[in-house]
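Engineer: need the 3D shape of this:
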Amino acid sequence: MPSSKDNEPAEEFLDPIPEDVSVVGESPRRMQSLSSVISTKSLDMKSDTGVLLGGEEGTPASEKHNQVHHREEREKSSLFKSCSRRLQFFSVMTFLLGIAIVVAIYFIVEASEGGSDDDIPRAPTSPPTPLDFSDFFPPSGSGTPGQIAPTPAPTYSTEDMQVIDGVLSRLVFGTNDANDANDTEVDIYNSSTPHGACRSWLTEKDRLDIVGSNSRTSEGRIQQRYTLCLLFKQMNGKNWSSIDTFMDTSIHECLWDGITCDRTGNFVVVIDLAERGLMGRLPVELENLQRLVQLRLSGNSITGTIPSKLLYLPNLEKLDLSVNQLSGTISSTSSSPLEIIKLSENKLEGTVPFFPKVEKLWVATNSFSAIDESYTRSPIIESIRAFDNKLDGEFPQDWDVPKLEVLDLAFNEISGTLPQSILRKAPKLEALLLDSNKLEGPLPSWSQSTSLQDLWLDTNELTGTIPSSFGREWKGMKSLFIHDNKLQGSIDRQHCERWPESVVVEADCALPSLSCYCCTMCHG
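Structural biologist: This next block holds a predicted model:
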């Protein structure tokens with residue numbers, strides 16, 4: 001809406017002429033007086049006309065009448081001219097004021113249609129720093145990286161080709177060791193293989209000049225673009241879904257679908273190609289993406305093993321390879337910066353090694369036989385999901401996990417007894433899921449917890465009597481499953497009143513050895 005200042009020009013224009021008000025206000029009275037004068041003069045004329053028609057004093061009366069008549073006409077004409085000028089000026093002012101009102105209404109309507117100030121995008125207080133793509137485009141190119149005009153592939157000199165081949169040789173043959181060997185022999189000069197096809201693409205079809213004056217920058221560019229090409233060629237890239245710009249020869253790889261780069265716009269930090277239809281083995285050259293922070297390739301059909309050095313890239317924090325067909329083991333080291341590991345629903349086996357910075361470890365539905373016990377004393381671990389594996393051995397008794405919220409080891413072959421102080425040493429534990437194992441012995445005598453919500457201990461070999469203190473302070477409890485065991489005693493009213501009314505409780509209360517006051521389902 002225009003401010004009051006928008007009307008100031010009109011008001012300032014009218015202020016110097018205060019008599020306009022008198023014109024408007026007094027014109028009717030002036031006109032009424034004029035009518036009275038005209039009426040009076042008309043009566044005098046009628047009287048004078050009678051004298052003239054009598055014929056006794058004709059000439060003097062006529063001259064007097066003419067003088068009066070001319071004077072009255074002059075007064076009337078002067079009055080009408082004055083009123084006419086004032087009315088004309090007032091009409092012009094009214095017209096201009098009307099135009100100002102129309103313009104004001106127009107801007108009000110425009111503002112209302114445009115929405116409130118909160119709906120209008122505001123320009124940033126300072127312009128964002130543009131990504132630096134200058135080194136990646138031919139000098140003849142124009143436009144932004146995403147809109148660069150088509151240009152022919154650059155022609156490389158013999159020296160340039162030696163540089164490219166030297167980088168590719170170090171990249172390929174320096175990472176293909178015996179543990180990560182591909183099914184076929186690597187040949188970067190055979191265009192019928194993924195490695196050879198990518199070399200040909202890089203030097204003959206790619207329209208970006210990857211050889212620059214800075215040798216270190218050039219090597220990084222060659223490695224990065226070549227590695228992403230291998231990912232495409234080696235993993236059925238032509239059949240990927242929802243991928244339009246990947247392998248676009250005219251734009252920087254940072255602009256390809258599924259790729260995110262750092263603030264400089266030069267180095268890949270995120271590869272997210274989840275559920276895109278990737279098939280085949282992971283190229284071991286991924287180990288050379290030293291700036292990579294996140295790798296998400298879940299929900300595909302990736303086979304083979306995880307490249308041994310991929311888990312230990314110096315900046316890799318999040319790895320999600322879940323729901324694939326990966327096999328083999330995971331190598332161990334203490335130098336990995338990984339914080340989140342998701343490897344569920346694969347065919348991995350062996351021992352899950354300890355990653356000291358991991359907060360979330362999801363390795364469910366594999367064939368792992370053990371998990372490094374160092375996780376039971378991790379000060380930062382928050383979630384361990386390892387159900388549906390082949391874990392065996394006794395359940396660890398020594399736990400000290402102040403941040404652990406979820407421990408899911410169901411559907412394994414874990415034996416031994418439940419530690420009496422597990423809930424005390426895991427004060428933030430919300431879900432303890434140990435169902436379908438081979439646990440035995442009594443329930444923990446100390447089970448006080450204000451954070452516990454789900455306790456699943458069913459389908460084990462637990463024995464003994466349910467303690468009277470069982471379930472104390474379970475104010476947030478949602479589900480308690482202790483059926484298909486050999487427990488005795490009762491879950492009485494005193495137990496049930498400690499828990500929310502909505503809690504789901506299942507026990508062997510169909511058997512005479514156990515009774516339950518608040519069970520939603522009785523097994524037996």
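Engineer: contacts for the helix or strand in which G174 is found, please.
Structural biologist: Using DSSP states H and E, G174 falls within helix 158-175. Residues outside helix 158-175 that contact it (CB atoms under 8 Å, 6 or more residues apart in numbering) are 156, 186, 188, 195, 199, 202-203, 210-211, 215, 218-219, 222-223, 226-227, 284-285, 287-288, 307, 309. C-beta here means a position set from N, CA and C on the backbone, and glycine is covered the same way.
Engineer: mind checking which of the residues you listed land in helices?
Structural biologist: Those of the contacts of helix 158-175 mapping onto helices are 195, 199, 215, 218-219, 222-223, 226-227, per DSSP state H.
Engineer: drop anything exposed from the residues you listed.
Structural biologist: Taking 16 or more other CB atoms under 10 Å as the criterion, what is buried in the ones in helices among the contacts of helix 158-175 is 195, 199, 218-219, 222-223, 226-227.
Engineer: looking at those residues, which two lie furthest apart in space?
Structural biologist: H195 and S218 (19.4 Å; CB to CB).
Engineer: confirm for me that T376 is in contact with D400.
Structural biologist: Yes. Judged on CB atoms under 8 Å, T376 makes contact with D400 at a distance of 7.1 Å.
Engineer: can you report phi and psi for R281?
Structural biologist: phi -90, psi 150 (degrees, to the nearest 10).
Engineer: please name the bridge partners of it.
Structural biologist: T303 (DSSP bridges).
Engineer: mind jotting down where the strands sit in the stretch 151-300 of the chain?
Structural biologist: 259-261, 268-272, 279-281, 294-296 (DSSP state E, counting those that start in this stretch).
Engineer: how about TSV for those, with distance to A364 added?
Structural biologist: Shown next, in TSV, are the strands of the stretch 151-300 of the chain (distance: least, CB to CB, whole Å):
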stretch	distance to A364
strand 259-261	28
strand 268-272	22
strand 279-281	23
strand 294-296	17
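Engineer: contacts only, for the closest residue to D262 other than its chain neighbours.
Structural biologist: What sits nearest to D262 in space, not counting adjacent residues and going by CB to CB, 6 or more residues apart in numbering, is V269, at 5.0 Å. Listed by CB under 8 Å, 6+ apart, the contact set of V269 reads 260-262, 291-294, 315.
Engineer: so Q494: helix, strand or coil?
Structural biologist: For Q494, the secondary structure call by DSSP: H, G, I helix; E, B strand; the rest coil comes out as helix.
Engineer: what's the local residue count around it?
Structural biologist: 11 (other CB atoms under 10 Å).
Engineer: how close does it sit to M161?
Structural biologist: 83 Å (CB to CB, to the nearest Å).
Engineer: with mean pLDDT added, can I get the strands of the stretch 151-300 of the chain in JSON lines?
Structural biologist: Below are the strands of the stretch 151-300 of the chain laid out as JSON lines (pLDDT from 0 to 100):
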{"stretch": "strand 259-261", "mean pLDDT": "95"}
{"stretch": "strand 268-272", "mean pLDDT": "97"}
{"stretch": "strand 279-281", "mean pLDDT": "96"}
{"stretch": "strand 294-296", "mean pLDDT": "98"}
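Engineer: which of these sits closest to N460?
Structural biologist: strand 294-296 (35.8 Å).
Engineer: wait, D398 sits on Y375?
Structural biologist: No. D398 is beyond contact range of Y375, at 11.7 Å (criterion: CB under 8 Å).
Engineer: of these two, who's got more company?
Structural biologist: Between D398 and Y375, Y375 has the larger neighbour count (other CB under 10 Å), namely 21 against 11.
Engineer: any idea how far L286 is from the more buried one?
Structural biologist: Taking CB to CB, one finds Y375 at 26 Å from L286.
Engineer: hang on, the earlier thing: neighbour count winner among T376 and D400?
Structural biologist: Neighbour count, other CB under 10 Å: between T376 and D400, T376 has more, with 22 against 12.
Engineer: mind checking which of the contacts of V269 are buried?
Structural biologist: Buried among these (16+ other CB under 10 Å): 261, 291-294.
Engineer: mind putting those residues into a markdown table with distance to V323?
Structural biologist: Shown next, in a markdown table, are these (distance: CB to CB, whole Å):
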| residue | distance to V323 |
| --- | --- |
| C261 | 26 |
| R291 | 26 |
| L292 | 21 |
| V293 | 21 |
| Q294 | 17 |
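Engineer: between those, which is nearest Q420?
Structural biologist: Taking CB to CB as the measure, Q420 lies nearest Q294 of the buried ones among the contacts of V269, at 40.4 Å.
Engineer: surely that closest one and N315 touch.
Structural biologist: No. Counting by CB under 8 Å, N315 is not a contact partner of Q294; they are 9.6 Å apart.
Engineer: please save the CA atoms from stretch 363-373 in CSV.
Structural biologist: What follows is stretch 363-373, C-alpha atoms only, in CSV (Å, rounded to 0.1, in the frame of the first residue of the first chain):
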residue,chain,number,x,y,z
VAL,A,363,24.4,-54.1,9.8
ALA,A,364,21.2,-56.1,10.0
THR,A,365,20.3,-59.0,7.7
ASN,A,366,23.7,-60.2,6.8
SER,A,367,25.8,-63.2,7.8
PHE,A,368,28.1,-61.6,10.4
SER,A,369,29.3,-64.0,13.1
ALA,A,370,30.6,-61.4,15.6
ILE,A,371,30.7,-57.7,16.5
ASP,A,372,33.8,-56.2,18.1
GLU,A,373,33.1,-55.9,21.8
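Engineer: which residues touch that stretch?
Structural biologist: Contacts of stretch 363-373 (CB under 8 Å, 6+ apart): 332, 341, 343-354, 384-393, 396, 408.
Engineer: phi first, then psi, for S415.
Structural biologist: phi -120, psi -170.
Engineer: actually S301, sorry about that
Structural biologist: When read as degrees, to the nearest 10, the backbone of S301 gives phi -130, psi 50.
Engineer: contacting residues around it?
Structural biologist: 277-280, 324-325.
Engineer: mind redoing it with 10 Å?
Structural biologist: Counting by CB atoms under 10 Å, 6 or more residues apart in numbering, S301 touches 235-236, 277-280, 323-325.
Engineer: farthest-separated two in the residues you listed?
Structural biologist: N236 and V323 (16.6 Å).
Engineer: ok, the two, which is more surrounded?
Structural biologist: The neighbour comparison of N236 against V323 (other CB under 10 Å) goes to V323, with 20 against 15.
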